[in-house]
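Enquirer: sequence and computational prediction follow.
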Amino acid sequence: MADFVPLTRLLAARTRDGDAVHFEVSEDWLQGRTSFGGLISTLAVQAMRDVAGAGWPAGVQLRALQTSFIGPVAQGPVQVAVRVLREGKNVRQVQAHVLQAGETAALLLGVFGSERETTLPGLAPAMPSIERGPDDTPALPFIPGVAPNFMQHLDMRWSDGGLPFTGTESWHSRIHLRPKGEPQPLPLELLTVLLADAPPTPALSRFKRPTPASSVSWELELRPVAHELQAEGWWRIDTDAIAAAGGYVNQVSKLWSPTGDLAALGYQVVTVYA
């Protein structure tokens, strides 16, 4: 089994060279022949903060993140080149270009915004109830060579919807999840991005044998979450496939914080190779 490298340690080892930030992706963060997409997006957001966000006032939060996964990111060094596209009074738009061995692996656009004065009343959706909580749902063991390597960093418990490759006629999943093995709490912004891409597409539950799938594009809209959240709290992500044809799946996800607040909305195009 590959050495276990917590995300906090991976982030602490990063280096900066001008407008580029360098990371070393370890084998335990792989997902097949590439790295876990949520990790790549998380590293890109950290690089955006390092290069563009150092002088920003407190309260500027990541509001949206658009990711195009272009090529695989293997184990080893990764560079994230950051470019500020525009800085307005409240909104800042930042591009991150992820490269490995000189090849483009991903392009991301982060939209960071501070709160505005508004007369618009707040609207906060309530987290729907589900039958089984995390304590009523068994933990899945990490089996090297069967589960993707990155899964050892997460405690994920399926409450509803079929598990991958079980031949279940389901198009949805309801999963309790939290990070595992981190020696210290992760910044909530990074944790939100990481967890929002964790579940496999629900379409994989319809197959009876391992079938590869990969994300093509991912749009994430983030909502402010309380900064005093407990590091060990259970999050929940609800994912629904809303259309599928020609080997592509369109799906939407809602990530709920441990306090039951909506933390992020995700929209994804996934390819299924079967």
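Expert: Thanks, I have it.

Enquirer: what's the neighbour count on Ala74?
Expert: The tally of other residues near Ala74 (other C-beta atoms under 10 Å) stands at 16. The way it works is simple: take the backbone N, C-alpha and C, and place the C-beta from them, glycine included.

Enquirer: that one and Gln31 touch, don't they?
Expert: No - using C-beta atoms under 8 Å, Ala74 is not in contact with Gln31; the gap is 11.2 Å.

Enquirer: the closest residue to Ala213 other than its chain neighbours and Leu140, how far apart?
Expert: Distances taken as C-beta to C-beta, 6 or more residues apart in numbering put Val272 closest to Ala213, at 4.6 Å, once the chain neighbours are dropped. Separation of Val272 from Leu140 (C-beta to C-beta, to the nearest Å): 21 Å.

Enquirer: do the same with Leu194
Expert: 18 Å.

Enquirer: ok, then the element right after the helix ranked longest in the chain?
Expert: Criterion DSSP state H: the longest helix present in the chain is helix 37-52. Using DSSP states H and E, the next helix or strand after helix 37-52 towards the C-terminus is strand 61-69.

Enquirer: what is the rounded mean pLDDT of that next one?
Expert: Taken as a whole, strand 61-69 carries a mean pLDDT of 97.

Enquirer: adjacent strands (with direction) for that strand?
Expert: If you go by DSSP bridges, strand 61-69 pairs up with strand 103-113 (antiparallel), strand 213-222 (antiparallel).

Enquirer: let's have those in JSON lines, adding distance to Thr259.
Expert: Shown next, in JSON lines, are the strands paired with strand 61-69 (distance: least, C-beta to C-beta, whole Å):
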{"stretch": "strand 103-113", "distance to Thr259": "22"}
{"stretch": "strand 213-222", "distance to Thr259": "15"}
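
Enquirer: wait, which of the ones you listed is closest to Val80?
Expert: strand 103-113 (8.6 Å; C-beta to C-beta).

Enquirer: would you pull up how far the helix or strand just after the closest one lies from the middle of the chain?
Expert: Moving toward the C-terminus from strand 103-113, the next helix or strand (DSSP H and E) is strand 154-160. Strand 154-160 sits 15 Å away from the centroid of its parent chain (C-alpha atoms, centre = their mean, to the nearest Å).

Enquirer: export strand 154-160 as CSV, just CAs?
Expert: What follows is strand 154-160, C-alpha atoms only, in CSV (Å, rounded to 0.1, in the frame of the first residue of the first chain):
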residue,chain,number,x,y,z
LEU,A,154,-12.4,9.7,3.4
ASP,A,155,-14.9,8.0,5.6
MET,A,156,-17.9,7.6,3.3
ARG,A,157,-21.2,5.9,4.3
TRP,A,158,-24.0,5.2,1.8
SER,A,159,-27.3,5.9,3.4
ASP,A,160,-29.4,5.6,0.2
